[in-house]
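K.L.:
Let's see this in three dimensions:
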Amino acid sequence: MNRVLLIRSHESLDPAFEPALNRAGFAIAGHADGAAMVRKTSELGPTHLLAVDLPLDELLAMLDAWAGMPPAAVGVLCAPLAGAAHEKLVAAGVHAWAPFDARDGTLEAAEVAILLARAGARWQRESGLRKALANSLAQLDERKWIDRAKGLLMAARGIDEDEAFGLLRNASMHANLRLGEVSRSVLDAARWAEAINRSGQLRMLSQRLVRLAAQRLARIESRRSRELHAQSTAWVEGNLKWLAALALDATALHAREHVDRVWKRLQQALDAPLSLASLRSVDASAEALLSAADALTQALETAGGRHALRLVNLCGGQRMRAHRLAKDALLGSLLTEAPEGPWRARLAVTAAEFEGALLDLERAPLSTPDTRAALATARDEWLRLLRGADAADSAEGRAILVRGSEALAKIFDDLTAAYEHSLQVIMS
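P.N.:
Numbering: from 1, shown residues only. Next comes the predicted model:
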């Protein structure tokens, strides 16, 4: 049975009207005035709305709530309309209308049934067209996500389009999800992996900038240190700009804003004339940036919600530790007038953290022959860096620290990128 919500400004009806309408296949589900039309429609869920003798402006204002797409067939009985009024009814989503003499007030059930049937047929057709359009748009949207995910896999893994599509299709079957859903998840995972990598680079750059300042003060490859300083500053700025465009939850957003503030303080410290005294201030600001960037990286890993992202974070932390060890060894040898400084004491802590993370990475299930070879090279470089730290008071030891920290950080930067683009992380 079709259910009709009757909308009119008065309730009086011919007692014979409702039974006659019932016999024509339409039951009155309820009554409402114009102001209650939207609410009553939501409550009763009628198949048809019948507006009787409502002022046109009032009716159009009520229909505005549905933006031309009412949830039921709309029929209107009203005074004869001018040409422009017909266009307004069409735009408002009215499906059928007919003249009604308010002075007479008589509703002929048979005529009303014909009006409602006409409105229902048009509503069904419009509803079908809207669904078909929505399905077409959804398919186009899904194709867009699939193409993007294929492109990402092709670029990250060096595979062709068929292989990339096969990965997505197999993941879709395994997870019992639509291809579009899997594709969006793949792109989302890649976005979080990149965010963690970029945030982790901020940790590394905080230590590298101090090491470069100490390097200039000790006159070790001064020209090269200035070039790397400019490069590192631009690197930080680029990563902060990228992270600022990322939609984050409240925790990660607060952490990112804190990183921005701490970075400005480090910039101010770096801009001051370089001296042993200012070097301590630079290091204090860099430690604050390290702490803030680490909190941001952890927040991003949590927000990403994928266990495989931990490896991106873990590997990225090794870049920071390489520069941190070199930095603390240099500061400990340069700032001899402050034996109470934390630099030499931190060497053992950093070394232990590096060794622990290296073991975790060596045991990680994502290992490939290339990964294992890179980790073996990293261990050799690490042992060389430790020898440089032991000889930090000599020119040779300092040279080892400067070059070794750059080489070791580069190995782990490449490894972090490899983990970021690994299938396990992307398809997680």
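K.L.:
what's near enough to touch L331?
P.N.:
Residues near L331 by Cβ atoms under 8 Å, 6 or more residues apart in numbering: V210, A214, L279, D283, G341, W343. Just so you know, the C-beta spots here come from the backbone N, C-alpha and C atoms, and that holds for glycine as well.
K.L.:
let's go with 7 Å and repeat that
P.N.:
By Cβ atoms under 7 Å, 6 or more residues apart in numbering, the contact list for L331 reads A214, L279, D283, W343.
K.L.:
which element is S127 on?
P.N.:
Applying DSSP states H and E as the criterion places S127 in helix 109-157.
K.L.:
now the next helix or strand after that helix against helix 109-157, angle please.
P.N.:
Counting by DSSP H and E, the element after helix 109-157 in chain order, helix or strand, is helix 161-175. Counting by axes from the mean of the first three to the mean of the last three Cα atoms, to 10 degrees, helix 161-175 lies at 120 degrees to helix 109-157.
K.L.:
quick one: the helix or strand following helix 161-175 to helix 161-175, angle?
P.N.:
Downstream of helix 161-175, the first helix or strand assigned by DSSP H and E is helix 179-217. For helix 179-217 and helix 161-175, the angle between their directions (the same axes, to 10 degrees) works out to 110 degrees.
K.L.:
mind listing the strands for the stretch 1-150 of the chain?
P.N.:
With DSSP state E, counting those that start in this stretch as the criterion, the stretch 1-150 of the chain has strands at 2-8, 26-32, 48-52, 73-78, 96-99.
K.L.:
any idea which helix or strand carries G388?
P.N.:
Take DSSP H and E as the rule and G388 turns out to sit in helix 369-390.
K.L.:
And whichever helix or strand comes after that helix, what's buried?
P.N.:
Proceeding N to C from helix 369-390, the next assigned helix or strand is helix 395-420, under DSSP H and E. For helix 395-420, the neighbour count (16 or more other Cβ atoms under 10 Å) marks 397-398, 400-406, 408-409, 411-413, 415-420 as buried.
K.L.:
correct me, but A96 touches G75?
P.N.:
Yes. Counting by Cβ atoms under 7 Å, A96 touches G75, with 4.9 Å between them.
K.L.:
Compare these two and say which one has the larger neighbour count.
P.N.:
Neighbour count, other Cβ atoms under 10 Å: between A96 and G75, G75 has more, with 27 against 22.
K.L.:
show me the contacts for the closest residue to the more buried one other than its chain neighbours.
P.N.:
Distance criterion Cβ to Cβ, 6 or more residues apart in numbering; nearest residue to G75, sequence neighbours excluded, is A119 at 4.1 Å. Neighbouring residues of A119 by Cβ under 7 Å, 6+ apart: H48, A73, V74, G75, H95, A96.
K.L.:
Count residues in the vicinity of the fifth one, would you?
P.N.:
Other residues near H95 come to 25 when the count uses other Cβ under 10 Å.
K.L.:
The first one too?
P.N.:
As a burial measure, H48 scores 24 neighbours (other Cβ under 10 Å).
K.L.:
quick revisit: now tabulate the strands of the stretch 1-150 of the chain in JSON lines and tack on mean pLDDT and distance to G332.
P.N.:
Shown next, in JSON lines, are the strands of the stretch 1-150 of the chain (pLDDT from 0 to 100; distance: least, Cβ to Cβ, whole Å):
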{"stretch": "strand 2-8", "mean pLDDT": "89", "distance to G332": "82"}
{"stretch": "strand 26-32", "mean pLDDT": "88", "distance to G332": "82"}
{"stretch": "strand 48-52", "mean pLDDT": "91", "distance to G332": "81"}
{"stretch": "strand 73-78", "mean pLDDT": "91", "distance to G332": "81"}
{"stretch": "strand 96-99", "mean pLDDT": "90", "distance to G332": "88"}
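K.L.:
Dump those strands to JSON lines, plus distance to A20.
P.N.:
Listed next are these as JSON lines, based on distance: least, Cβ to Cβ, whole Å:
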{"stretch": "strand 2-8", "distance to A20": "13"}
{"stretch": "strand 26-32", "distance to A20": "10"}
{"stretch": "strand 48-52", "distance to A20": "14"}
{"stretch": "strand 73-78", "distance to A20": "15"}
{"stretch": "strand 96-99", "distance to A20": "17"}
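K.L.:
I'd like to know which of those is closest to E381.
P.N.:
strand 73-78 (74.9 Å; Cβ to Cβ).
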